[in-house]
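J.: take a look and give me a structure for this.
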Amino acid sequence: MDALPLVALVAGSAAVAGAARRTPVPAPLLLVAAGLAAAYLPGVPEYTLDPDVVLPLVLPPLLYTAAVDSSYLDLRANLRPVALLSVGYVLFATLAVGWLVYLVVPELPLTAALVLGAVVAPPDAVAATAIARRLGLPGRITTVLQGESLVNDATAITAYKVALAAAVGEGVSWAGGVAEFALASVGGIVVGLVLMVPLHWLRTHLREALLQNTLSLLIPFIAYAAAERVHASGVLAVVVVALYLGHRNWQVDFATRLQEEAVRKMVSFILESAVFALIGLQLPFVLRGLGAYGGWEAAWYALAVFAVVVAMRFVWVFPATFLPRMLSSRIRAREPDTNWTAPVVVGWAGMRGVVSLAIAFSIPLTSHGKDFPARNLVLFLTFTTVIATLVVQGLSLPPLIRLLRIPGRDTHAETLAEAQAQNEASHASEELLDRLLTDESNALPQPLADRLRAVLERRRNAVWERLGTVNEMTGETADDTYRRLARSVIEAERTVFVELRDRRRIDDELLRTLLRRLDLEEAAAYREETG
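T.: Residues are numbered from 1 along each chain as shown. Coordinates of the predicted model:
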């Protein structure tokens, strides 16, 4: 097996994603554009998106990372809008988009159109999270978009299975479809609830950070595979486990947390980059399979499906936002600031992505001896919908937010809350330190005791200093200057250690020990900046 195409895909997509960080264009959009451009370059191999790889091997770690980084408390506080979007909207889009596409595209029978509706129903978890992060949307909108994207894949995959069974003539009834949906959703949640406690116990009782992080890499695959084994939703199992572990992440030791965050970020970066590049690289495969559905007719169908998908999201989002407020005084009291701008942003932030393509590619040519009708057309319309939503909505979302004057995150209020929390924690630590130092068994020389107190005071003052005055000459706060000087003196020590190794006065093993100590001190000095 030639590994060079895979290495080229990962390296190329990572390079494009890295370059995107220096442009105003979100990385997913630049990666899709690069994939489209590279698809016809001489020497570029043909990359086929394999659903047997994407769904069980790529989707779980991406979902796990997104869920671990989400707030269980915020999601619980916004359960109603999240559920209305992740379940209600996906089912509505499956039926509404399917029915309207059936009316617009005569080549598609109703059952095949419903399959297409289920395929393009779920907005993409990775795109929504990446763009929301980049734009600095208000906390509640970001929570709703992230929560929707965590759960909607499970709803869409189940709706797809029911629609596919009907399309190939397996005689699925409405009651049977509802039962299958209930089994998949409840089963996935139950599997997640069963696994989360023992997995957390393992994480907290393994004593080596290396073993703990190995387990952390395996957890999403374990949860997904266990749920799929019993025909439940692997997506929901992964999300339940990840939310629980993320909520209790403070119970794991610091070395594991530091390593785990670094590993998760690296894996997510590689997978996200490769996934969006793969979307663009599917263009030759999709066009070649289009066959008789060519020319302007296919372009018209693609435009119509894109318009229907976008319109149906707004048809759902506005009533789902305002009807509950009209019917419940408690909701009106709890959400007094809701206006028309928030649902406009949520409605327009409906980019589709790799899950839709993976589901479409999993449509069988034949099932139980029957051909799936117009499979290539469904695949083409899925591809064009994914590309159109990513490019059109993704590029226009930032100016739309500026036009609507959606307020961003209140960084001053967040820093103030951080400072107040740090102040309370520091006072508690100082009281404990005073009690400990009065015990003769904890006797320390005065310089060391003063050093402990200085560390506590430094932590307490650092955040307040970010709210304080700025140096007129450098534009830095006192905390910025402290970190810059700390880094300079640490770099000076590092240079001396390397010179001592080069002159053979210390060996490489001792050098690594000394450098790691400096690395930890530098990380501590820069924790606010890099966090």
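J.: pull out the buried residues from stretch 303-320.
T.: Neighbour counts over stretch 303-320 (16 or more other Cβ atoms under 10 Å) mark Ala304, Val305, Phe306, Val308, Val309, Val310, Met312, Arg313, Val315, Trp316, Val317, Ala320 as buried. Where you see a C-beta, it was placed from the backbone N, CA and C, and this is true even at glycine.
J.: helix, strand or coil for Thr23?
T.: Following DSSP: H, G, I helix; E, B strand; the rest coil, we place Thr23 in the coil state.
J.: ok, now how distant is Pro399 from Ser13?
T.: 26 Å (Cβ to Cβ, to the nearest Å).
J.: report pLDDT for Leu9.
T.: Here, the pLDDT recorded for Leu9 equals 90.
J.: re earlier: so which of the buried residues of stretch 303-320 are in helices?
T.: Among the buried residues of stretch 303-320, DSSP state H puts Ala304, Val305, Phe306, Val308, Val309, Val310, Met312, Arg313, Val315, Trp316, Val317, Ala320 in helices.
J.: can you put those in JSON lines and add pLDDT and distance to Ile141?
T.: Shown next, in JSON lines, are those (pLDDT from 0 to 100; distance: Cβ to Cβ, whole Å):
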{"residue": "Ala304", "pLDDT": "94", "distance to Ile141": "29"}
{"residue": "Val305", "pLDDT": "94", "distance to Ile141": "27"}
{"residue": "Phe306", "pLDDT": "96", "distance to Ile141": "23"}
{"residue": "Val308", "pLDDT": "95", "distance to Ile141": "24"}
{"residue": "Val309", "pLDDT": "95", "distance to Ile141": "20"}
{"residue": "Val310", "pLDDT": "95", "distance to Ile141": "18"}
{"residue": "Met312", "pLDDT": "95", "distance to Ile141": "20"}
{"residue": "Arg313", "pLDDT": "96", "distance to Ile141": "15"}
{"residue": "Val315", "pLDDT": "96", "distance to Ile141": "19"}
{"residue": "Trp316", "pLDDT": "96", "distance to Ile141": "16"}
{"residue": "Val317", "pLDDT": "95", "distance to Ile141": "12"}
{"residue": "Ala320", "pLDDT": "93", "distance to Ile141": "14"}
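J.: in a markdown table, list those along with distance to Leu448.
T.: Formatted as a markdown table, those follow (distance: Cβ to Cβ, whole Å):
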| residue | distance to Leu448 |
| --- | --- |
| Ala304 | 74 |
| Val305 | 70 |
| Phe306 | 67 |
| Val308 | 70 |
| Val309 | 65 |
| Val310 | 64 |
| Met312 | 66 |
| Arg313 | 61 |
| Val315 | 67 |
| Trp316 | 63 |
| Val317 | 60 |
| Ala320 | 60 |
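J.: ok, back up a step: so between Pro399 and Ser13, which is more surrounded?
T.: Ser13 (27 against 9; other Cβ atoms under 10 Å).
J.: which stretch of helix or strand covers the more buried one?
T.: Using DSSP states H and E, the element containing Ser13 is helix 4-20.
J.: surely Leu245 meets Leu199?
T.: Yes: counting by Cβ atoms under 8 Å, Leu245 touches Leu199, with 6.8 Å between them.
J.: okay, and the common contacts of those two?
T.: Contact criterion Cβ atoms under 8 Å, 6 or more residues apart in numbering; residues shared by Leu245 and Leu199: Ile219.
J.: is Pro373 in a helix, a strand, or coil?
T.: Put simply, Pro373 is coil when judged by three-state DSSP.
J.: tell me the pLDDT at the nearest residue to Ala320 once chain neighbours are set aside?
T.: Leaving aside its sequence neighbours, Ala320 sits nearest to Leu84 (Cβ to Cβ, 6 or more residues apart in numbering; 4.4 Å). The model reports Leu84 with a pLDDT of 94.
J.: what is the neighbour count of Leu84?
T.: The tally of other residues near Leu84 (other Cβ under 10 Å) stands at 20.
J.: can you tell me how far it is from Gly117?
T.: Separation of Leu84 from Gly117 (Cβ to Cβ): 18 Å.
J.: most remote residue from the protein's center?
T.: Glu440 (50.7 Å; Cα atoms, centre = their mean).
J.: and it, how far from Asp519?
T.: 36 Å.
J.: Ala349 now?
T.: 39 Å.
J.: isn't Ile359 up against Ala121?
T.: No: between Ile359 and Ala121 there is no contact, the gap being 9.6 Å when judged by Cβ under 8 Å.
J.: now do the shared contacts for these two.
T.: Shared contacts of Ile359 and Ala121, counting by Cβ under 8 Å, 6+ apart, come down to Ala156.
J.: who has more neighbours, these two?
T.: Comparing Ile359 with Ala121 by neighbour count (other Cβ under 10 Å), the higher total belongs to Ala121, at 30 against 26.
J.: so is the more buried one in a helix, a strand, or just coil?
T.: coil.
J.: give the contact list for it.
T.: With Cβ under 8 Å, 6+ apart, Ala121 has these contacts: Tyr89, Val90, Leu91, Ala93, Thr94, Val97, Asn152, Thr155, Ala156, Ala159.
J.: same check on Phe254?
T.: With Cβ under 8 Å, 6+ apart, Phe254 has no contacts at all.
J.: ok, now Ala38?
T.: Gly12, Val44, Ala277, Gly280, Leu281.
J.: so which residues of the stretch 151-300 of the chain form helices?
T.: In the stretch 151-300 of the chain, the helices defined using DSSP state H, counting those that start in this stretch lie at 174-205, 209-229, 234-247, 254-281, 283-290, 295-327.
J.: show me what the one helix or strand Pro398 maps to is in contact with.
T.: Taking DSSP H and E as the criterion, Pro398 maps to helix 394-404. Under the criterion Cβ under 8 Å, 6+ apart, residues 24-26, 28-29, 127, 131, 135, 137, 341, 344-345, 348-349, 351 lie in contact with helix 394-404.
J.: out of those residues, the closest to Ala113 would be?
T.: Closest to Ala113 out of these is Met351 (21.8 Å), distances taken as Cβ to Cβ.
J.: confirm that closest one sits in a helix?
T.: No: if the criterion is three-state DSSP, then Met351 is coil and not within a helix.
J.: measure the residue positioned nearest the centre of the chain to Pro407 for me?
T.: The chain has Ala66 as the residue nearest its centroid, 3.6 Å off, counting by Cα atoms, centre = their mean. Remark: distance between Ala66 and Pro407 (Cβ to Cβ) = 24 Å.
J.: same deal with Glu457?
T.: Glu457 is 35 Å from Pro407, by Cβ to Cβ.
J.: also Ala277?
T.: Using Cβ to Cβ, we find Ala277 at a distance of 34 Å from Pro407.
J.: these two: which is more packed in?
T.: Neighbour count, other Cβ under 10 Å: between Ala277 and Pro407, Ala277 has more, with 27 against 11.
J.: grab the nearest non-local neighbour of that one.
T.: Nearest to Ala277 is Ser13, by Cβ to Cβ, 6+ apart, at 3.9 Å.
J.: OK, contacts around Thr204?
T.: So Thr204 contacts Gln251, Val252 (Cβ under 8 Å, 6+ apart).
J.: just to revisit the earlier point, wait, a strand at the residue nearest to Ala320?
T.: No: under three-state DSSP, Leu84 sits outside any strand and is assigned helix.
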